[in-house]
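Colleague: Pasting a predicted model and its sequence here:
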Amino acid sequence: MTSTPEVSRRTLINLAGATALAGAVLPATAAHAAEPISVSADGITLLAEPGGGILVRDRTDRIRLSHFMIKDTVLGQQRTFGGTPSLVTLPDGTPAIQVDYTMSASAKAVKVRGVFTVSARRAHLRWEVSGSATLTPSGFMFARTVLAPSSAERYVPVTRWTRDVRGGVPYEVNDGVLYQETWADTQAHFRLAKTTPGFTNPTWIHAPGDAGNVTEAELVLGAMRPGAANAIAASTPLGVDAWSDQPFGLYGSAAPLTLNAQVVNGGGEAREVKLTWWARDFDGREVGCGDLTRTLAPGAVWDESFTVPGAPQGIVFTEVKAVAGADEAFARTNLATLRPHTYQAEGRFGIANYTWMLVPGKEEVAGLLRKLGVKSVRIAYDGAPGIPPAELDALGITHNVQLGGVIFNGTAEQIAAWADGRAATAKASGARYFEVGNELNQPWMSGEKAALYVRDGLKPIHDRLRGSGIKIMNCGLGGMDYKWTANFHAAGGWDLIDAFAFHPGRGNFTPDYAPPPEEWEQGSNGTYWNFLGALRKARQTLDAYGGDKELWLTEAYACTRPNRWWNDTHRQAAENVLLTLALALSEGVDGVQWYQPHDSTIHHPQEADPANPEYHFGLMNRDTSAKPALLAYATATRTLERATFNRWLVFADPDIKGLLFDTPDGPVSILWTRKDGYHLNAGHGADDFHPHPEAWVDHWPTKTYLTLRTTGPTVREVDCVGQERSIHATGRKVRVKLDGAPRVYHGLVPDPERKAR
């Protein structure tokens, strides 16, 4: 049923010569002057107050819209002071409240007019500014007062799932931004095409105007998910959201998994909507599916929940799709199960830049860090975003500080002030390590500014932290830049550090790809960005320069930017997380900090950014549901936390690879092959686009079978996401199937006659 706005005022309005924002307006019908000015539709009423304010109501008063603020290069910021409301009829017959605002005497030439209309559960808010040639619409704002909310306002970037017409995996794109207001019984969402949340405060919402100096926003009332509110606000025919009530979509071992779905009709007519859903595990098995049909009124919301059986450990990929006629919308999320595990006090695995991403909340993130075996974080100090140092201490998680801002060629006073402040922060934080700067070796392999860095950055910090107990790291290098490191050593920097830090970035190569440094190619897609070759060069450098320095990887990566040949698929990323951490221990790394917990960027948290590789480094998706990589991180920490590297395993077939670790529970082997080479997505074309297969698709065509001796009647095989299976031995031998994916084996007998590579 289509909702028709109602008009509740019949007083005569004199509109001679006036022009509404959407064109000429018609006067409303005359009635008794005492009646209030209002417009209503299903679930929402706008009531004009005598001073020009707009009261938003459903069953009770919810929000008051009062003033508008302009920005002008000559007049500066100027706000309205009240206004005159009137009831008008737009050219399409829609009744509207119009407010002609009053400006201050200094800005009396500026005209601000608002026009406000309603439809089902939704108000359209529009302000037009004129009368000045020096307006700056990017600075426009409107004032709102939320009446008796139960929670603080929340900024919510909204995304929409889409597919590339060329194929590959779907991904999210930005679809507007919301400010969510909450009461005990309902919610409201202000929707804008764009805003800067840092400019918004308890009085004003930043609402930039367009080139015509017009600001438009939508306000949706009703208890619904942000995605549903956004669909109604944007008049999107259909909106779909999919989520889990469990933080990170992460459940206990073998627990049933719940997939929640919400469908909304964002159009103006009732429609019959078909909802379909499916769930697949890491091996591609369909573990749940179904379809339902329902007729939805305009603005109506449809909630459903589906249950999927959970494995002892594993991941389930889900999709919910809504179809009505030619219109379609879909959404995805992941559900996962994780076995319980008691970690030991010590550990070498940590998290790098997480501090700005406490989503859904600090307690949930803290609990996740402990479940994953995170033993260190790269950045923590009082006043920084994230979990404070004292709370990390209580969790048994050590913490470092990484701070930059080195003032190259600064005055003595500038450098001293910078170093005093940074050193004081590090001391107050209780940090174990201070990493002085970040990736200051740009341009890569140029060797530039190494000596300046030692003089103006590292030495001032070293002098101030002497005797503090805080260990010093160089700025984590981007790649293993041995030219910069040589200049750094020559300038005396090596004697000032306790630990050498670098970031072994990796492109479309398996982590065990190790070209010799003299063959490294530069450029954004160059072989300079390899993992094991860089790590071995770092170890060689430490051995050559001496001083018993620690080796830290303060950023390690598995970027899942969709449908790009240079970056990992979600399945490749999981395999590469496990192998990366195992290889790190094989080269005696003292600490590895993974970059980063979930897909986002510091400057645009929770927004989608599909083309930006920096956005896609998370162990979780933007919605914080687990990627396969998250389970792989847990598999690695649980397998390797007490492990000591023994040696590389050598086989008659040189394409079969293996690492042997000693643990208190017996030897652990990690085996894989390179029959299909070291290059991932090798069949890519000339451009960046390369359609990625879905995460449940096995991408290794060549299988190799190998017979090995066992210590007992069975061998336990664990894949990268922690799925286990028992292989029964015959005559104390088992036959294993290997490919390019690393797998962990408990219960194999290493051949003592094999020599290390």
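Modeller: The structure has been received and is ready for your questions. Numbering: from 1, shown residues only.
Colleague: At which residues are the helices of the protein located?
Modeller: For the chain, applying DSSP state H gives helices covering 226-233, 362-372, 389-395, 412-429, 450-453, 459-465, 482-490, 532-545, 570-586, 628-640.
Colleague: tell me the most buried of these?
Modeller: Burial of those is given as mean neighbour count (mean count of other CB atoms under 10 Å); helix 226-233 ranks first at a mean of 28. No exception for glycine: its C-beta is placed from N, CA and C like everyone else's.
Colleague: Next, count neighbours for P443.
Modeller: The number of residues packed near P443 is 12, by other CB atoms under 10 Å.
Colleague: Now the phi/psi pair for it, please.
Modeller: phi -70, psi 140 (degrees, to the nearest 10).
Colleague: and if you look at the one 3 residues further on?
Modeller: The main-chain torsion angles of S446 are listed as degrees, to the nearest 10 and equal phi -100, psi -20.
Colleague: ok, how many other residues are close to it?
Modeller: For S446, using other CB under 10 Å, the count is 14.
Colleague: Surely A96 touches P85?
Modeller: No: judged on CB atoms under 8 Å, A96 makes no contact with P85 at a distance of 10.5 Å.
Colleague: rewinding a little: need the helices of the chain in TSV with distance to D245 and mean pLDDT, can you?
Modeller: TSV is the format used below for the helices of the chain (distance: least, CB to CB, whole Å; pLDDT from 0 to 100):
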stretch	distance to D245	mean pLDDT
helix 226-233	15	96
helix 362-372	12	95
helix 389-395	24	95
helix 412-429	35	98
helix 450-453	48	98
helix 459-465	46	98
helix 482-490	48	98
helix 532-545	41	98
helix 570-586	23	98
helix 628-640	18	98
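Colleague: Of these, which is nearest G383?
Modeller: Proximity to G383 (CB to CB) singles out helix 412-429 among those, at 8.2 Å.
Colleague: helices or strands next to the closest one in the packing?
Modeller: strand 401-403, strand 433-436, helix 459-465 (3 or more CB pairs under 8 Å, 6 or more residues apart in numbering; DSSP states H and E).
Colleague: partners of the second one, with directions?
Modeller: Partner strands for strand 433-436, per DSSP bridges, with pairing direction: strand 401-403 (parallel), strand 471-473 (parallel).
Colleague: Correct me if wrong: T145 contacts D61.
Modeller: No: here T145 lies out of contact with D61, judged by CB under 8 Å, at a distance of 10.2 Å.
Colleague: circling back to that earlier point, JSON lines please, covering the helices of the chain and showing distance to V650.
Modeller: JSON lines is the format used below for the helices of the chain (distance: least, CB to CB, whole Å):
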{"stretch": "helix 226-233", "distance to V650": "54"}
{"stretch": "helix 362-372", "distance to V650": "33"}
{"stretch": "helix 389-395", "distance to V650": "41"}
{"stretch": "helix 412-429", "distance to V650": "45"}
{"stretch": "helix 450-453", "distance to V650": "39"}
{"stretch": "helix 459-465", "distance to V650": "43"}
{"stretch": "helix 482-490", "distance to V650": "28"}
{"stretch": "helix 532-545", "distance to V650": "16"}
{"stretch": "helix 570-586", "distance to V650": "14"}
{"stretch": "helix 628-640", "distance to V650": "21"}
